[in-house]
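In: sequence first, predicted model second:
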Amino acid sequence: MTFIISFLLTITLSTDSTFSDRSTPSYEDLLEEGVTAFYETRWDDATDLFDRMKEKSPEDPRAYFFESMIPFWEYFFVHQKEELANDFLNISESAVNFSEKKLQENPGDTTLVLMLSGLHGYRSLVAAGEKEYRTAMQSGVTGFKYTRRLLSLDSTRPDAQIGRGMFYYMVGSVPREVRWLTNMVGVRGDIEMGFEEIKKAAKSESAVSNDAKMMLMYLYDKEERYNEAIIYADQLTEKFPDNVIFHYKKGQIYQKKGNIDEAIESFSRVISLDNSYLTDLKQLSRDHIEKLNNISLLTN
């Protein structure tokens, strides 16, 4: 699976976005503003911008892709709710359909190949999270087919390394009782192989290194390898100081490590930031702080 938010942001920033006429911003102008709002977790603003993009170009898959990332991030980093999973799967299906249509028209468009690799990879992770393993495998295999196309161009591409790593991780995390699904489609991989590939991308100078760090933070946390997870949480909050999700995850990881003071500091940062979309995070952070303070009183 590839994570292409930063990749597309790089493409956006490389375009000629002079904003000479603010009254009629171009699609690329809106994309740049929308991606920036997304990374700052200003998701109300981001949603408005993506809607305007869809009005300008209804069949351009990028607006649907970024819009689908909002429930995807909330599902993975805040609440593993079925409603969020369904929202992501529904919106991302439009992105897949429009991307596949455009790729048929332009078979050599590597950006579309990258987008489809990412979309199917994301869909495989969400399906796996909902225990829909057959769907997860089908989406994962489809995504890896697109990743292989990227690898045929340059096997050291950081975005392709993330894709390969996430696919290996997904295969390695399939429960033993349904491992026959991976054998049936002839794929191999394990969790450690996945981590090694993603770490290569995280160390790169590429724009997608941030996305690699994000997934390393999440996956190491999921594997209860908190010392490794916190390394990437620190890097992400330093790079994106107003991103409430990164601060919240950092607080959770410190809490699991037993670092009470550091966890309280991270949750307090979430409370101090003004975010109109992810309002639940403030109350969740207050709840965490109350529990941590009670633990501190009991142990002192």
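Out: Yes, it's here.
In: low-confidence regions, the stretch 51-200 of the chain specifically.
Out: 147, 150-155, 174-189 (pLDDT under 70).
In: could you rerun that using 90?
Out: 73-81, 106-194, 197 (pLDDT under 90).
In: domains of this protein?
Out: Domain ranges of the chain: 5-200, 224-300, per automatic domain parsing.
In: any chance of the ones you listed in CSV, with mean neighbour count too?
Out: C-beta here means a position set from N, CA and C on the backbone, and glycine is covered the same way. As requested, those are exported to CSV (neighbours: other Cβ atoms under 10 Å):
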stretch, mean neighbour count
domain 5-200, 19
domain 224-300, 17
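In: Tyr218: which of the ones you listed is closest?
Out: With Cβ to Cβ as the criterion, Tyr218 lies closest to domain 5-200 of those, at 6.3 Å.
In: now the closest one: how far from the chain's centre is it?
Out: Here the centre of domain 5-200 is set off from its chain's centre by 8 Å, with Cα atoms, centre = their mean, to the nearest Å.
In: stretch 194-208 too?
Out: From the chain centre to the centre of stretch 194-208 is a distance of 14 Å (Cα atoms, centre = their mean).
In: using PDB, list the CA coordinates for that stretch.
Out: C-alpha atoms of stretch 194-208 as PDB (Å, rounded to 0.1, in the frame of the first residue of the first chain):
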ATOM      1  CA  GLY A 194       7.000  -4.700   6.200                       C
ATOM      2  CA  PHE A 195       8.600  -2.600   8.900                       C
ATOM      3  CA  GLU A 196      12.000  -2.700   7.100                       C
ATOM      4  CA  GLU A 197      10.500  -1.500   3.800                       C
ATOM      5  CA  ILE A 198       8.600   1.400   5.500                       C
ATOM      6  CA  LYS A 199      11.600   2.500   7.500                       C
ATOM      7  CA  LYS A 200      13.600   2.900   4.200                       C
ATOM      8  CA  ALA A 201      10.900   5.300   3.000                       C
ATOM      9  CA  ALA A 202      10.900   7.100   6.400                       C
ATOM     10  CA  LYS A 203      14.600   7.800   6.200                       C
ATOM     11  CA  SER A 204      14.400   9.200   2.600                       C
ATOM     12  CA  GLU A 205      14.400  12.800   1.700                       C
ATOM     13  CA  SER A 206      11.200  12.200  -0.200                       C
ATOM     14  CA  ALA A 207       7.900  14.000   0.700                       C
ATOM     15  CA  VAL A 208       6.300  10.700   1.500                       C
END
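In: helices or strands next to the helix or strand encompassing Ile264 in the packing?
Out: Using DSSP states H and E, Ile264 sits within helix 260-272. Counting contacts by 3 or more Cβ pairs under 8 Å, 6 or more residues apart in numbering; DSSP states H and E, helix 260-272 is packed against helix 244-257, helix 280-299.
In: thanks a lot, see you next time.
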